[in-house]
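*Asks:* Kindly generate the corresponding structure for this input.
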Amino acid sequence: MRIAESELIINGDGSVFHLHMRPEQLSDNVILVGDPGRVDMIAGYLSDIECRNQSREFVSVTGKYNGKRVTALSTGIGTDNIDIVMTELDALANVDFATREPNAEHRRLTILRIGTTGALHADIPLGSYIFSHWSVGHDGLMNWYAGVDKLSDKDMEEAYMRHMGWSRRLTVPYFVKASQKLIDRFEDCTVKGMTIAAPGFYGPQGRVVRLGLVDPDYLKKIESFRYGDLRITNFEMEGSAIAGMAALLGHDAGTVCCAIANRYLQSANTDYQPNVRKLIELSLDRLTR
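*Replies:* You can find the predicted model right below:
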């Protein structure tokens, strides 16, 4: 099946439209970060740098760590950008840009998001590393793609909607499990997370500045939700789309975040960069072991 020019845009230099990467520049191990500046932080740990690309908020570097190729790529904020990033990463891996046809052999990527987050319980201290075993999509992105009904845990989804008194004005949430491969690599050094990916930083994460919330008990309901031994541990803004699109496209993906705020205790640490650096070092080691 040939993919039309309008559906997958390839730049004149042979790079994919938004990311401005060429297929040969992509490694099998990919680290995603929101902040473009964090790509250069990761690059400082890499040797044999092959390339550096930049287009809008999308900055990428490919080099080596522990002798293995690693690509670091910034996504900007939000699941709308993740729709672009994951689609174009998969195209770089699995589409022949000359013929515009899918490759005969599927290439499976390992994709890890490293981010920052706000924890939701008093027993998760600032500086903790939370690995999202489950991502809860409040964003609605995966509801546009065929396969979401098989992707999402329907029992968990329905239990959550009942508990929250989910409004019909809101998009249906979806629950996606991270790659077991990545869960196993981080299980001994992180908090087990069930993470909400919110479609905004303020209202969708229960913050009130000047606008009130439709449901004033939103945070209390989230904090009190339980499903077996699972509880919702934290908020961020990209993980659900990464986990969901990776699962449908045949890649391994997960999200690990450093807690820089605790919403329950109403505390925050603005001097969090040293903890993020340690998380990057840990992630590079676990990704390339």
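
*Asks:* Just list the residues touching the residue nearest the centre of the chain, thanks.
*Replies:* Residue closest to the mean C-alpha point of the chain, counted by C-alpha atoms, centre = their mean, is Gly239 at 3.2 Å. Gly239 makes contact with 113, 115, 132, 135, 195, 197, 255 under the criterion C-beta atoms under 8 Å, 6 or more residues apart in numbering. C-beta: built from backbone N, CA, C; applies to glycine.

*Asks:* gap between the residue of the chain positioned farthest from its centre and Glu5?
*Replies:* The centre of the chain is farthest from one residue, Thr99, which by C-alpha atoms, centre = their mean lies 30.4 Å away. Distance of Thr99 to Glu5, given as C-beta to C-beta, to the nearest Å: 13 Å.

*Asks:* Look up which helix or strand the residue lying closest to the residue farthest from the centre of the chain once chain neighbours are set aside falls in, please.
*Replies:* Nearest non-adjacent residue to Thr99, counting by C-beta to C-beta, 6 or more residues apart in numbering: Arg2, 7.1 Å away. Under the criterion DSSP states H and E, no helix or strand holds Arg2.

*Asks:* swap in Arg108?
*Replies:* Per DSSP H and E, there is no helix or strand for Arg108.

*Asks:* what about the residue nearest to Met142 when sequence neighbours are not counted, which SS state?
*Replies:* Leaving aside its sequence neighbours, Met142 sits nearest to Gly244 (C-beta to C-beta, 6+ apart; 4.1 Å). Per DSSP: H, G, I helix; E, B strand; the rest coil, the secondary structure class of Gly244 is helix.

*Asks:* what's near enough to touch Gly244?
*Replies:* Per C-beta under 8 Å, 6+ apart, neighbours of Gly244: 135, 137, 141-142, 145, 148, 151, 174, 176.

*Asks:* would JSON lines of these with neighbour count, distance to Val30 and pLDDT be doable?
*Replies:* Listed next are these as JSON lines, based on neighbours: other C-beta atoms under 10 Å; distance: C-beta to C-beta, whole Å; pLDDT from 0 to 100:
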{"residue": "Ser135", "neighbour count": "29", "distance to Val30": "17", "pLDDT": "97"}
{"residue": "Gly137", "neighbour count": "28", "distance to Val30": "20", "pLDDT": "97"}
{"residue": "Leu141", "neighbour count": "23", "distance to Val30": "19", "pLDDT": "96"}
{"residue": "Met142", "neighbour count": "27", "distance to Val30": "20", "pLDDT": "96"}
{"residue": "Tyr145", "neighbour count": "13", "distance to Val30": "20", "pLDDT": "96"}
{"residue": "Val148", "neighbour count": "18", "distance to Val30": "23", "pLDDT": "91"}
{"residue": "Leu151", "neighbour count": "20", "distance to Val30": "20", "pLDDT": "91"}
{"residue": "Tyr174", "neighbour count": "27", "distance to Val30": "23", "pLDDT": "96"}
{"residue": "Val176", "neighbour count": "26", "distance to Val30": "18", "pLDDT": "97"}
